[in-house]
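1. Based on what follows, work out the 3D shape:
(2 chains)
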Amino acid sequence: MKTIFEKSRSGRRAGAQGAGSLSKTESKNTVNSLPAHLLRKDPVLLPEASELQVVRHYTQLSRRNFSIDTNFYPLGSCTMKYNPRGAHRAAMTSGWVDWHPLSPEESSQGALQTLFELQEALAEVTGMQAVSLTPMAGAQGEFAGVAMIRAYHESRNDHQRQEIIVPAAAHGTNPATAVMCGYKVREIPINASGDVDIDALRAAVGPNTAGLMMTNPSTCGVFERQVAEIAQIVHEVGGLLYYDGANLNAILGQARPGDMGFDVLHLNLHKTFATPHGGGGPGAGPVAANHRLAPFLPIPRVGCDNNKSYFWLTEKDAPQTIGRLSTFQGNFGVLARAFAYIQILGSEGLRQVGEFATLNANYLMARLEKAGFQLAFPNRRATHEFIISFEQEEKKWGVTAMDFAKRLLDFGIHAPTTYFPLLVPECWLIEPTETESKEELDHFVEILIQIRQEAEQDAALLKKAPFTTSVRRVDEVKAAREMILTQPLAEWMLGELSSVPSPN
Amino acid sequence: MPFIIPSFFKESYMSYIPHTTHEIEQMLEEIGVSSTEDLFDEIPNSLRCDHFNLGAGLNEYQVLRLCGERAKPQQNKLNFIGAGAYEHSIPAAVWDVVGRGEWMTAYTPYQAEASQGTLQLIFEFQTMITQLTGMEVANASLYDGATALAEAVLMAVRSSKQGKRRILIPKSVHPHYREVVRVMTQWQGITLEDIDWDPITGQITNDLKAAPEDALALVLPFPNAFGVLEEVHQWVDWAHDQNLMVIAVVNPMALALFEAPGHWGKTGADIVVGEGQPMGCPLSGGGPYFGFMCTRKSLVRHLPGRIVGRSHDLEGKVAYTLTLQAREQHIRRSKATSNICTNQGLAVSAATVFMSLLGNAGLREIAIASANNARALVAQLQPLGIKPRFTAPYFYEVALQIPSQSEKTAIELSHAVTAQGVHAGLCLETWSKELDDCWLTAVTETKSAEDINTYVRAVENIMHLDRDPQAAIPLSALASCVGITT
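-> Have a look, this model is predicted:
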């Protein structure tokens, strides 16, 4: 499809936009009052298009996306569930959408109360003592949590702890975060049933251990049964436990990280609390801590006094805070969505999230196992997700997990997460979420059986898939080699360069 | 009036789950268990929780009403606070288009064939933002302006062949940005060296001779945190003479009017970052916004975050895909350029539609109208003795000094004006004790002549009231100007 630049014609305007109320003279006088040597010499070469062209272009482009609103999206570890419109509408409430983040507290009470109540609700669902809402994504929540662990040890003059332990199946953000916090990463293996290798953990911990980062349920799609023992082993040597909340959807209302012995955690509000993913953000990654780590939480947080008046907590109130992680106070728009979602679901609704996410995953796993697909952990319950491996199919017919994934797109179903976790060969991580119906799951199984038949009869077909998407299989190697990261000017100016208006 | 939840709603709940009782039975049978409880039998009993103390659910209408009630007192304030987030008009089409489910509810475009919409949009965004900044390459965005600056500092350090780790960062950079940079880089052995601002001009002090031997980069704000325009050409030349990299921190709206950082001085800035919010993101209490980051092609492998590249599909058709992913955490793990996973996809989508609708002409109009409005306010405040604190030129945000003979301090005066429905500006005492008699005030194109008049009269009224309580304009008359009821 042509880019918006290619649809641009010099001199065309969208019409109602801009601020055309100034006269030419006023405009000129204002520009003349600015230091001439700092002014722009050439105009910004942006598209020049009508409003209809812009609206049509981006509407047509949108149709080249799969999305939850249009497709089943069983992407493991990403919790692609329905994003309620009511929560979206709440974030768009007039008065909130135009709320300046540095407005005086006296004129921001409703928003502050909402943030305060969200802090309280998230503390309740995680079993922690205090919450900071400021991290703007999961990885930033991770940074906050590990930074708090570091600040805690440093506050005790315990400087020799230089290692963070991470199970091999962890998300890539875990080791990357530990390094940003100045730690060395020590990976420990998991055993054949998907649990942490306890002996390896015992051998790894010691006086150098600052902490352990863990996801539970793990990225293997199983609940770590020895979690209490793991917590004990790490705590005994003076280390702390970080919980990566990426998979909280599985245990919402069923078990709480705080009760498992974790000291600090982050939540992905764009997963468990139903904020849309927006094509890759924005999200929110609030961080929650127990009494030991609460003093180190990032600022600003919201406090409340006896008169029910709400205010920002800053360095003055929290001298041990790790400090600020965003220009203002995090992604309020995302936080307001999570608040509305929690209000709508209530205690019982939230409990059902974990219950039905788990039911859907176990049902899908049972059906796929009966259909002959190979499970990575056949003797385990699925959590909210599970892993199948195409190792046999790859050996027999040379068809990879990626080929299966691409062919699935032809049936209007988004591919599950492929090749993650890295330790299971030719794998898919499948997460149906609680908002999908039984028919949708049954349809998925039938399609997968059909694709496997195709793989057996005509492997080449799968190698060339997909066929029905807006483009066929994309050459990623060429993209990396040629590195065309912006559209070259010559492609769209079409000889119009000479007629570009002068800047003034 | 407080909002009370009708009791009959308290019994209902709503979790968007489609299952019928019959289907649940069929599914349990297929799995081979008798209840959903059995599905949790791997969780030790001691770790199970049976309920939350969060009360019953409400229906959608009730929740929206609750939010509406809470937001009501926040409506219709006449806002002149900027300080890093600016109220600009947003064309109706922006969020109408971006609000489509295909944009809102798509995931990160890892499966390129199912994500061409998002990928092409980001490619268009990368093209637009490099045009605006005069740079060669851009990433798909970072969380916000402050984290973009922190990532730029980390990137500069990674790219240093000599392993230099000292960054010169003026105190005229937004204090929250400086704090975020400190927090995010504190364990990388990086030294952040402050540079003072000149108390007369508000610009970076001019008495810098030679940079320290081990200095790696100079951070250059434009406009700076006080709205003041720095002498960027001079500083880029100075920095490059000293073998320093230049990290520019810019308001993108300023670049419609002022020289692009890629063309500053003889050689241009090396890394350009900024807060993208003015380009189509509502204020929304501080986020979601997006940070942008551009650089030279030679530094592209040090860029953090997602990048989209153009390629072909197997039929030779143009197709887009995430590229250079070997820099990122999901491949490189502990050796990644950053731990960042996300970009601010939807906010970037809004900015892309915003820039397409406005074009060069529209952005220039906004920039000029804002600069014009700021000058109109400054002129009208002059008779009250309120004037710009600094002598150097400003764009559309200005530090205003409250006269020393005023009965009220800057903070007291600000609260009194707030009570009349006008947010006059940020009290700069929170940033610097030396500026405790100042407001930082932004005037964008959204303000009409009447709005500016209302601001001036509100301040004048309080000042008169202090001197002569009889002379004040009735509060109700003033309130009607801003459309609020008292």
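
2. Could I get the phi/psi values of A:S103?
-> When read as degrees, to the nearest 10, the backbone of A:S103 gives phi -60, psi 150.

3. Could you give the number of residues near it?
-> Per other C-beta atoms under 10 Å in any protein chain shown, the neighbour tally for A:S103 reads 20. Quick note: C-beta positions are derived from backbone N, CA and C, even for glycine.

4. so B:R166 touches B:T191, yeah?
-> Yes. With contacts counted by C-beta atoms under 8 Å, B:R166 reaches B:T191, the gap being 4.5 Å.

5. And the two? Which one has more around it.
-> Using other C-beta under 10 Å, the more surrounded residue of B:R166 and B:T191 is B:R166, with 17 against 14.

6. where along the stretch 401-504 of chain A do the strands fall?
-> A:417-418, A:427-430 (DSSP state E, counting those that start in this stretch).

7. quick one, helices of chain B?
-> For chain B, applying DSSP state H gives helices covering B:21-31, B:60-71, B:92-98, B:101-104, B:116-133, B:145-159, B:175-185, B:232-241, B:329-332, B:345-381, B:410-418, B:449-467, B:475-481.

8. how about the fifth one, does it reach chain A?
-> Yes. Using C-beta under 8 Å from any C-beta of the partner chain, helix B:116-133 reaches chain A at B:116-118, B:120-121, B:123-124, B:126-128, B:130-132.

9. quick revisit: could you export the strands of the stretch 401-504 of chain A as JSON lines, including mean neighbour count?
-> Below are the strands of the stretch 401-504 of chain A laid out as JSON lines (neighbours: other C-beta atoms under 10 Å in any protein chain shown):
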{"stretch": "strand A:417-418", "mean neighbour count": "22"}
{"stretch": "strand A:427-430", "mean neighbour count": "25"}
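
10. With respect to chain B, which of the ones you listed lies nearest?
-> strand A:417-418 (8.3 Å; C-beta to the nearest C-beta).

11. Pipe the helices of chain B into JSON lines and attach mean neighbour count per row.
-> Shown next, in JSON lines, are these (neighbours: other C-beta under 10 Å):
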{"stretch": "helix B:21-31", "mean neighbour count": "15"}
{"stretch": "helix B:60-71", "mean neighbour count": "19"}
{"stretch": "helix B:92-98", "mean neighbour count": "20"}
{"stretch": "helix B:101-104", "mean neighbour count": "22"}
{"stretch": "helix B:116-133", "mean neighbour count": "27"}
{"stretch": "helix B:145-159", "mean neighbour count": "26"}
{"stretch": "helix B:175-185", "mean neighbour count": "22"}
{"stretch": "helix B:232-241", "mean neighbour count": "19"}
{"stretch": "helix B:329-332", "mean neighbour count": "18"}
{"stretch": "helix B:345-381", "mean neighbour count": "25"}
{"stretch": "helix B:410-418", "mean neighbour count": "19"}
{"stretch": "helix B:449-467", "mean neighbour count": "19"}
{"stretch": "helix B:475-481", "mean neighbour count": "15"}
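
12. Of the ones you listed, which is nearest A:T418?
-> Each of the helices of chain B has some distance to A:T418 by C-beta to C-beta; the shortest is helix B:329-332, at 11.8 Å.

13. what sits up against the closest one?
-> A:139, A:171-173, A:175-176, A:420, B:325-326, B:336, B:338-341 (C-beta atoms under 8 Å, 6 or more residues apart in numbering or on different chains).

14. ok, now with 10 Å
-> Contact partners of helix B:329-332, identified using C-beta atoms under 10 Å, 6 or more residues apart in numbering or on different chains, comprise A:139, A:171-177, A:179-180, A:420, A:422, B:108, B:110, B:304, B:325-326, B:335-341.

15. shared neighbours of B:R166 and B:T191, which are they?
-> B:212, B:214-216.

16. I only care about those residues that end up buried; give me the ChimeraX line for that.
-> A single ChimeraX command selects the buried members of the shared contacts of B:R166 and B:T191 (16 or more other C-beta atoms under 10 Å in any protein chain shown):
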select /B:215,216
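
17. Out of the shared contacts of B:R166 and B:T191, flag the one nearest to chain A.
-> B:L216 (18.4 Å).

18. Now that that closest one has come up, it's in contact with B:G163, right?
-> Yes. B:L216 is in contact with B:G163 according to C-beta atoms under 10 Å; the separation is 9.1 Å.

19. what do those two both touch?
-> Joint contacts of B:L216 and B:G163 (C-beta under 10 Å, 6+ apart) are B:V157.

20. Point out the other helices and strands that the worst-scoring helix or strand of chain A on mean pLDDT packs with.
-> Least confident helix or strand of chain A, by mean pLDDT, DSSP states H and E, is helix A:489-493 with a mean of 81. On a contact count with 3 or more C-beta pairs under 10 Å, 6 or more residues apart in numbering or on different chains; DSSP states H and E, helix A:489-493 meets helix B:116-133.

21. Give me the angle between the helix it packs on and helix B:345-381.
-> Per axes from the mean of the first three to the mean of the last three C-alpha atoms, to 10 degrees, the angle that helix B:116-133 makes with helix B:345-381 is 30 degrees.

22. what about dumping the CA coordinates of helix B:116-133 to PDB?
-> Output in PDB follows, covering the C-alpha atoms of helix B:116-133 (Å, rounded to 0.1, in the frame of the first residue of the first chain):
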ATOM      1  CA  GLN B 116       1.400  -4.600   8.200                       C
ATOM      2  CA  GLY B 117      -0.900  -1.800   9.400                       C
ATOM      3  CA  THR B 118       1.100  -1.100  12.600                       C
ATOM      4  CA  LEU B 119       4.400  -1.700  10.800                       C
ATOM      5  CA  GLN B 120       3.800   0.700   7.900                       C
ATOM      6  CA  LEU B 121       2.400   3.300  10.300                       C
ATOM      7  CA  ILE B 122       5.600   3.100  12.400                       C
ATOM      8  CA  PHE B 123       7.700   3.400   9.200                       C
ATOM      9  CA  GLU B 124       5.800   6.500   8.300                       C
ATOM     10  CA  PHE B 125       6.300   7.800  11.800                       C
ATOM     11  CA  GLN B 126      10.000   7.200  11.600                       C
ATOM     12  CA  THR B 127      10.100   9.200   8.400                       C
ATOM     13  CA  MET B 128       8.100  12.100   9.800                       C
ATOM     14  CA  ILE B 129      10.100  12.400  13.000                       C
ATOM     15  CA  THR B 130      13.400  12.300  11.200                       C
ATOM     16  CA  GLN B 131      12.100  15.100   8.900                       C
ATOM     17  CA  LEU B 132      11.200  17.100  11.900                       C
ATOM     18  CA  THR B 133      14.500  16.600  13.700                       C
END
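
23. Fine by me, we can end here.
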